[in-house]
Every structure is written in C-alpha cells, then in structure tokens.
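Chemist: Fold the following, please.
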Amino acid sequence: PDDSDAESSTIFNTWRGWPIKPLVGKLENPGEDELIRRLDQLLSYLTCDNKDQIEWVKDWIAWTFQHPGDKQQIAWVVVGGQGVGKSFMGNTFMSALMGALWGSSSASIIDGKFNVGPFINKMFVFVDEVKFHNESGTDEVKKLIRNVDVPGMLKYGEGQNFKIYARLMFASNTFDMAIGQRSVIDRALFDTRAYDGKHRGLPDAKFRAWTETLQPWF
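Modeler: I've put the predicted structure just below:
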C-alpha cells in the first residue's frame, strides 16, 4: 500500500551481512595475546620491522570489515625475499579471515590479459608474482583499487560494468615491479619491503637457508 503512489518505491537489500556477528566489548580469549604477537611477527617480516607500517596494514584490513561498501582507494604491495610469508599472508591468513569472500588472481590477469572474473563477488583478492610492464596495465589496476563500478569483460564475453568491492594485495620477489612514478605519486599503491638478504645482512644462499628455519613457524 505504501507504494501506491507512482513516485514511490521499495528497495530490498538481499545481502545477509557478515556471517560472524561483530563482537561487543573485548574478546575473552586466553590465547589472544599470543595470536597478536604472532600476527605482529608476520607483519614484521613483511615490513622490515616498521611499526608504523604494521599498524597501517592492520587498519587497512580492519577497514574492509568496518566499511565493506567503501574502498580504501589504496592497495598493499609487498616486495621482498622468498619464504618470509608474503604468500602465507595473502593465501592462507587472508583466506581464513575472509572465507568465501577471498580470491586470488594470476599475475597474467593484471599484465595485459585483464578480465574481471577473479574479482567478482570477492572482498579481497591476492595477486602473487606481479609485475606491471606498462602504465596502461597500472591504470587498469587503479580502476579496480578505487572504483566500485568497474568496466571489464569476462573470458570470451562482452564488455560491461561490474560491481567490484574487492580490495587488492600484490606480492613479488622482484624489487623492480615497473610501477611508474605517476602511480607512486598518486598513492594508489602502498609499498612495504619484506625481509631479504640485505636486511638480514646475509648473502643470498645464507638468507635462503635462514628462511628454511621459518617453515615450522608458518
């Protein structure tokens, strides 16, 4: 009856909300301090012990849960040595945190063969071993980072606009990701440096041997 007027309408929101209800007050968990210590240790590996960057990453992840419909306008890029937890963070930790809303994409999707499929219906997407070879590829990424309405196409499909809420995390072992200076200036990408041989003061062979000692921890 309320919609009898031709100018009125009813809008239905079919999203059920997060599967876990938000906590009220402090979580009473005897292992909480240990869990926080372990997360801080992982983020220390991914930021070369930069405490400000550790807090930034925590805030960046938390924002996704606090404001699922608002993108942060910035993606996390972590570059550093192999075996220090980049893929663990993106593939294991974030997958456990996000559940069905987690996704991954191959680097080729970003570099010249872009299709929007891996980002549909996801809240977080991890892209490993990424390298940007040209500014146009970086511009496509920035559309994903900053816009909810994203033009693109599915494989073998026609182009159209999609609602993309996914936040992006990129990881690479290679320091030269070919991110243009323009992309650095406009702050679309937040860059952290993970542990590598230089940070540890070790030659490559000894650094790889050290990362082997981290496997039981992970």
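
Chemist: now the end-to-end length of stretch 189-197.
Modeler: Taking CA to CA, to the nearest Å, stretch 189-197 runs 24 Å from one end to the other.

Chemist: pLDDT weak spots in the chain?
Modeler: 1-4, 22-23, 26-30, 109-114, 131-138, 155-157, 175-186 (pLDDT under 70).

Chemist: can you pull out the helices in it?
Modeler: For the chain, the helices defined by DSSP state H occupy 32-47, 51-66, 86-87, 94-98, 107-110, 135-146, 181-185, 197-200, 204-212.

Chemist: tell me the most buried of those?
Modeler: Mean neighbours per residue, mean count of other CB atoms under 10 Å, is largest over these for helix 86-87, with a mean of 22. Glycine gets a C-beta too; all of them are placed from N, C-alpha and C.

Chemist: Could you tell me which residues make contact with the residue sitting nearest the centre point of the chain?
Modeler: In the chain, the centroid-proximal residue (CA atoms, centre = their mean) is M169; its distance is 2.7 Å. Counting by CB atoms under 8 Å, 6 or more residues apart in numbering, M169 touches 75-78, 89-90, 94, 124-127.

Chemist: do V127 as well
Modeler: 104-107, 109-110, 168-171.

Chemist: TSV please, covering those and showing distance to D5.
Modeler: As requested, those are exported to TSV (distance: CB to CB, whole Å):
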residue	distance to D5
S104	48
S105	46
S106	51
A107	53
I109	47
I110	48
L168	43
M169	47
F170	50
A171	54
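
Chemist: In strands only, show me these.
Modeler: 104-105, 168-171 (DSSP state E).

Chemist: can you tell me which of the contacts of M169 are in strands?
Modeler: 75-78, 124-127.

Chemist: looking at those, which has the most residues close by?
Modeler: Comparing the ones in strands among the contacts of M169 by number of neighbours (other CB atoms under 10 Å), F126 comes first, having 28 neighbours.

Chemist: ok, for that residue, nearest residue in space, not its chain neighbours?
Modeler: The shortest distance from F126 to any non-neighbouring residue, by CB to CB, 6 or more residues apart in numbering, is to G90 (3.4 Å).

Chemist: what's the answer for G99, then?
Modeler: Per CB to CB, 6+ apart, closest to G99 is P19, 7.0 Å.

Chemist: Pretty sure the one you found sits against L97.
Modeler: No - between P19 and L97 there is no contact under CB atoms under 8 Å: 11.9 Å.

Chemist: tell me the contacts of the nearest residue to N91 once chain neighbours are set aside?
Modeler: Nearest residue to N91, sequence neighbours excluded (CB to CB, 6+ apart): F126, at 6.0 Å. With contacts defined as CB under 8 Å, 6+ apart, F126 is in contact with 90-91, 94, 102-105, 168-169, 171.

Chemist: try 6 Å
Modeler: Each residue near F126 by CB atoms under 6 Å, 6 or more residues apart in numbering is listed here: 90-91, 104, 169.

Chemist: Could you do G80 as well?
Modeler: Contacts of G80 by CB under 6 Å, 6+ apart are 193-196.

Chemist: hmm, try it at 7 Å
Modeler: By CB atoms under 7 Å, 6 or more residues apart in numbering, G80 lies in contact with 86, 193-196.
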